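Chemist: Okay, sequence plus prediction incoming.
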Amino acid sequence: MNRKLYRKIAKEHGVSVKEVKEGINEAIDYAYTNPNASALEVPRKGEKPTADEMISHLVKEAKSRKSGGVQ
(Lines give C-alpha, C1' and ligand atoms only; values in the text may rest on other atoms or scores of the structure.)
Protein backbone atom coordinates (compact mmCIF):
# COMPACT_ATOMS: atom_id res chain seq x y z
CA MET A 1 0.00 0.00 0.00
CA ASN A 2 2.63 2.55 1.00
CA ARG A 3 4.73 1.76 -2.06
CA LYS A 4 1.99 3.08 -4.35
CA LEU A 5 1.67 6.21 -2.26
CA TYR A 6 5.42 6.85 -2.33
CA ARG A 7 5.45 6.44 -6.11
CA LYS A 8 2.50 8.79 -6.56
CA ILE A 9 4.05 11.49 -4.37
CA ALA A 10 7.42 11.10 -6.09
CA LYS A 11 5.87 11.40 -9.55
CA GLU A 12 3.79 14.44 -8.59
CA HIS A 13 6.86 16.24 -7.24
CA GLY A 14 9.43 15.04 -9.76
CA VAL A 15 11.62 13.30 -7.20
CA SER A 16 12.63 9.73 -6.43
CA VAL A 17 10.84 7.41 -4.01
CA LYS A 18 14.02 7.47 -1.93
CA GLU A 19 13.77 11.26 -1.64
CA VAL A 20 10.13 11.00 -0.57
CA LYS A 21 11.01 8.54 2.20
CA GLU A 22 13.97 10.66 3.28
CA GLY A 23 11.73 13.72 3.49
CA ILE A 24 9.18 11.89 5.59
CA ASN A 25 11.90 10.57 7.89
CA GLU A 26 13.34 14.09 8.28
CA ALA A 27 9.89 15.35 9.29
CA ILE A 28 9.52 12.52 11.80
CA ASP A 29 12.98 13.24 13.24
CA TYR A 30 12.07 16.90 13.63
CA ALA A 31 8.72 16.12 15.26
CA TYR A 32 10.26 13.74 17.78
CA THR A 33 13.24 16.00 18.48
CA ASN A 34 11.02 19.06 19.01
CA PRO A 35 7.87 17.64 20.60
CA ASN A 36 5.09 19.81 21.93
CA ALA A 37 2.01 19.14 24.03
CA SER A 38 0.26 17.52 21.05
CA ALA A 39 3.12 15.19 20.11
CA LEU A 40 1.99 12.24 18.03
CA GLU A 41 1.52 8.88 19.67
CA VAL A 42 2.26 6.62 16.74
CA PRO A 43 2.51 2.85 17.21
CA ARG A 44 6.13 1.95 16.48
CA LYS A 45 8.79 -0.64 17.12
CA GLY A 46 11.62 1.77 17.87
CA GLU A 47 12.12 5.12 19.56
CA LYS A 48 10.68 6.93 16.53
CA PRO A 49 8.30 5.60 13.87
CA THR A 50 9.57 4.73 10.43
CA ALA A 51 8.09 6.40 7.36
CA ASP A 52 5.94 3.28 6.79
CA GLU A 53 4.71 3.24 10.41
CA MET A 54 3.86 6.94 10.23
CA ILE A 55 1.96 6.65 6.95
CA SER A 56 0.03 3.61 8.15
CA HIS A 57 -0.96 5.49 11.30
CA LEU A 58 -1.98 8.63 9.40
CA VAL A 59 -4.07 6.63 6.92
CA LYS A 60 -5.90 4.91 9.78
CA GLU A 61 -6.49 8.27 11.48
CA ALA A 62 -7.79 9.84 8.27
CA LYS A 63 -10.15 6.93 7.65
CA SER A 64 -11.38 7.12 11.23
CA ARG A 65 -12.08 10.84 10.96
CA LYS A 66 -13.76 10.46 7.58
CA SER A 67 -16.11 7.82 8.98
CA GLY A 68 -16.86 9.93 12.04
CA GLY A 69 -14.75 7.87 14.41
CA VAL A 70 -13.59 9.39 17.66
CA GLN A 71 -9.94 9.44 18.64
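Modeler: Arrived safely.
Chemist: hmm, which helix or strand of the chain has the shakiest average pLDDT?
Modeler: helix 51-66 (a mean of 84; mean pLDDT, DSSP states H and E).
Chemist: for that one, packing partners?
Modeler: Applying 3 or more CB pairs under 8 Å, 6 or more residues apart in numbering; DSSP states H and E, one finds that helix 51-66 contacts helix 2-13, helix 17-33. C-beta: built from backbone N, CA, C; applies to glycine.
Chemist: Show me which positions of the first one end up buried.
Modeler: Residues of helix 2-13 classed as buried under the neighbour-count rule (16 or more other CB atoms under 10 Å) are 6, 9-10.
Chemist: Adding pLDDT, write those residues out as a markdown table.
Modeler: Conversion of the buried residues of helix 2-13 to a markdown table gives the following (pLDDT from 0 to 100):
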| residue | pLDDT |
| --- | --- |
| Tyr6 | 91 |
| Ile9 | 91 |
| Ala10 | 92 |
